[in-house]
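Student: mind folding the following:
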Amino acid sequence: MVGKVSSLDKLFGPKPLSPLILDHEYAGSGTIESPYLVNWLVDDEENPMNRGQVSKWSLNLLCALSAFIIALASSAYSGGLVEVISAFAISKEVALLGVSLYVIGFAIGPLLWAPLSENYGRRPVFVISGALLSIILAGTAGAHNIETLLVLRFLAGTLGSAPLIIAAGVIADVFPPLQRGLALGIYVVAPFLGPSVGPIVGGFIVEAGGWRWVQGFLALLAAAQWLLTLALLPETYGPVLLRRRAEALSKVNGHTYRSALDINKISIKLTVALARPWVLLFREPIVLLITMYMSIIYGTLYMLFAAYPIVFQLTRGWGEGIGGLSFLGVMVGILASVPHMFFGHVRYSKLVSKATSRLPPEARLPDCFLACIALPIGLFWFAWTNSPSVHWIVPILSGVPFGYGCTMLFLPCLNYLVDSYTIYAASVLAANSAMRSIFGAAFPLFTGKMYENLGLHWAASVPAFLALACVPIPYLFYVYGARIRRKCHYAAEADDFMNRMLGITSSPPSGDTENVSSDVEK
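Tutor: As a prediction, the model looks like this:
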C-alpha cells in the first residue's frame, strides 16, 4: 500500500505508477545483489524524449524566458548607476561592482546547481533558484548601504543563475540531437538579449521612480517567472525520473528496483570532477582558444554597460531613459541572428542526411565565419564614430553587427566544443562558462579609467583589436581541427569513444573537413 503523498512529493515527487509500469517484467531478480532494472518502456509517456512537439517547444521558450530575466537583471542595474553613486557617495568603479559581482555569480552558481540537478532533478533546482532570485532581488531594493547592495547582488547572481546552465540540460533532455541545435539556438539568444534590453528598462524606471524601483521591478519579474516555472516546468532529467520510479516500485512491491542508468553510471572522484574543467581549459588548445575568444566577446558586451553611458549620457548629455535606448542597435543585431540560426540548422541537417559516417565537429564552424568578421567591424565602427560631432544614430547602428556577431559566434562554437569533447562536454562547458563570467565581471571595472586615459576613440578600439586578433581562430580549427584533435589527449579520447559507440573501427582521416566542404557544394 502506498503511503500518504506529501506536499513536497506533489511538487517534486514521482507520478502515480500506472498498471503498465507495475505489471511490466523487469530484468533482474529483485534482490539487493540482482535488483530489477528499471528502464524506459516502449513509447513510455514519462520519457521526456516522447513529449509532444508543442510541449517541447513550450519548455524551450520557458527556459529562454528564465535566462532572459536573469540576464536582464545583470544590466538593468546599470540604468540607475548615477543614482546609486549619489545615494551612497561612492565612486563609479565601486558602483559598477553591482554588475560585476552579479556576473561573477554566473561562474560560481553552476558549480553548485549543476551537480544538484543531476542528483535531484531539473525542476527542484529551477524552483528553488527562482524563489531565491526573487527574494534576494527584493532585498536589494531595500538595501541601506552599498555593502548590503553589493553582497545581495552577488548572491542573486550566484543563487539565481541556475537556468543559465540547467536550461541547456532541459533542452538536451527533451530534444533529439537533430532538433537540439535549433532549440539551443533559440535559447542562446536570451542571455544576450537580456543584457541589451536591461539598460533600456532600467533607465526609464529610474527616471520614473528611482534606482530602488529597478530592483523592485526585477524582483516582481523574477517572482512572475517563478510562478510560471512552478506551474509549467515538469521534471525532464531521465536518470532522476527512472530513479524515482525504481524507488516507488520498491515501496509498492517490496522488492529491490534500481534505475538501469544508475547501474551503468561510471563514478569519478570529486577531486577529479572539480579539477577536470581547468585541466581541459589549460591543456587542450581547442578549449583554450575558443573559450578565450568567447570570453573576450562576452566581456566586451558587459564593457558596453560602462562605455555607452560615457559616450551617450556623459558626453552627449542624454538622460538615463534615452541613454538606455542606445542599446537598441545591439538588440536588433541579436534578433537578426535568429534567421541565420534557422538556415544554419537546415544546412547542418542536410549534411547529416548526406553523410555516410559521423560528421566531424568542424562541420559546425561555418555558421560563425560571418560573425567573426562582423564583430570587429561593429566595434571599430563604434570606436571611430562615438564622438558628439557624429550623428547619434551612427554609433548606435554599430551595435547591429556586434549583436549579430555575439550570438552567431557563440552557438556554433558551443556546438563545436560539445561535439569535440562529447563525454567531457559538461566539464568543457563549465570551464567555458566560468571564464566568460570572469571576463564579463572584470571588463566593466576598468572601462571608465580606460576611456579617461585613452579617450573615446582609442579606448573603444581596444576590444575591437582583440576581436580582430581572434578572427583566425574558427578558420584555423575548420582547416586543421581534425589533426589538432588527434593530438589532444581528451579530444582524441572522446573521439575514440564515439567511434566505438557507433561501431567505427578507424578514426576519420585528418582531412575530414574537406569531405564536409564537398557535401556543402553538392
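Student: poorly predicted segments of this structure, please.
Tutor: Residues of the chain that meet the criterion pLDDT under 70 lie in 1-14, 263-274, 501-522.
Student: any idea which residue sits dead centre in this structure?
Tutor: The centroid of the chain falls nearest to residue 164 when counting by Cα atoms, centre = their mean (4.5 Å).
Student: please name every helix or strand in contact with the helix or strand that contains that residue.
Tutor: In this structure, residue 164 sits in helix 162-174 according to DSSP states H and E. Applying 3 or more Cβ pairs under 8 Å, 6 or more residues apart in numbering; DSSP states H and E, we find helix 162-174 packed against helix 53-76, helix 92-120, helix 122-141, helix 177-209, helix 425-470. From N, CA and C alone the C-beta is placed, and that goes for glycine too.
Student: tabulate those helices (CSV), appending distance to residue 319.
Tutor: Converted to CSV, the helices and strands packed on helix 162-174 look like this (distance: least, Cβ to Cβ, whole Å):
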stretch, distance to residue 319
helix 53-76, 16
helix 92-120, 17
helix 122-141, 22
helix 177-209, 6
helix 425-470, 19
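Student: adding mean neighbour count and distance to residue 415, write these out as JSON lines.
Tutor: Supplementary listing: the helices and strands packed on helix 162-174 in JSON lines, determined by neighbours: other Cβ atoms under 10 Å; distance: least, Cβ to Cβ, whole Å:
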{"stretch": "helix 53-76", "mean neighbour count": "22", "distance to residue 415": "16"}
{"stretch": "helix 92-120", "mean neighbour count": "21", "distance to residue 415": "19"}
{"stretch": "helix 122-141", "mean neighbour count": "22", "distance to residue 415": "21"}
{"stretch": "helix 177-209", "mean neighbour count": "22", "distance to residue 415": "6"}
{"stretch": "helix 425-470", "mean neighbour count": "20", "distance to residue 415": "10"}
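Student: ok, which of these comes nearest residue 360?
Tutor: Evaluated with Cβ to Cβ, these place helix 177-209 nearest to residue 360, the distance being 15.0 Å.
Student: what's the following helix or strand after the closest one?
Tutor: Remark: after helix 177-209, the chain's next helix or strand is helix 211-232, criterion DSSP H and E.
Student: pull the residues that contact that next one.
Tutor: With Cβ atoms under 8 Å, 6 or more residues apart in numbering as the test, helix 211-232 has contacts from 11, 58-59, 62, 65-66, 69, 72-73, 76-77, 79-80, 83-84, 87, 126-127, 130-131, 133-135, 137-138, 140-142, 160, 201-202, 205-206.
Student: report the buried residues of it.
Tutor: Applying a neighbour-count criterion of 16 or more other Cβ atoms under 10 Å, the buried positions in helix 211-232 are 211-212, 214-219, 221-223, 225-226, 229.
Student: restricting to C-alpha, output that helix in CSV.
Tutor: Once side chains and other backbone atoms are set aside, the C-alpha atoms of helix 211-232 remain, and they are given as CSV (Å, rounded to 0.1, in the frame of the first residue of the first chain):
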residue,chain,number,x,y,z
TRP,A,211,17.0,53.0,-8.7
ARG,A,212,15.2,51.1,-5.9
TRP,A,213,12.2,50.6,-8.2
VAL,A,214,14.5,49.0,-10.8
GLN,A,215,15.4,46.3,-8.2
GLY,A,216,11.8,46.0,-7.2
PHE,A,217,10.6,45.6,-10.8
LEU,A,218,13.3,42.9,-11.3
ALA,A,219,12.1,41.1,-8.1
LEU,A,220,8.5,41.1,-9.4
LEU,A,221,9.6,39.9,-12.8
ALA,A,222,11.6,37.1,-11.2
ALA,A,223,8.6,36.2,-9.0
ALA,A,224,6.3,36.0,-12.0
GLN,A,225,8.8,33.7,-13.8
TRP,A,226,9.0,31.6,-10.6
LEU,A,227,5.2,31.1,-10.7
LEU,A,228,5.4,30.1,-14.4
THR,A,229,8.1,27.6,-13.6
LEU,A,230,6.2,26.2,-10.6
ALA,A,231,3.1,25.7,-12.8
LEU,A,232,4.6,24.6,-16.1
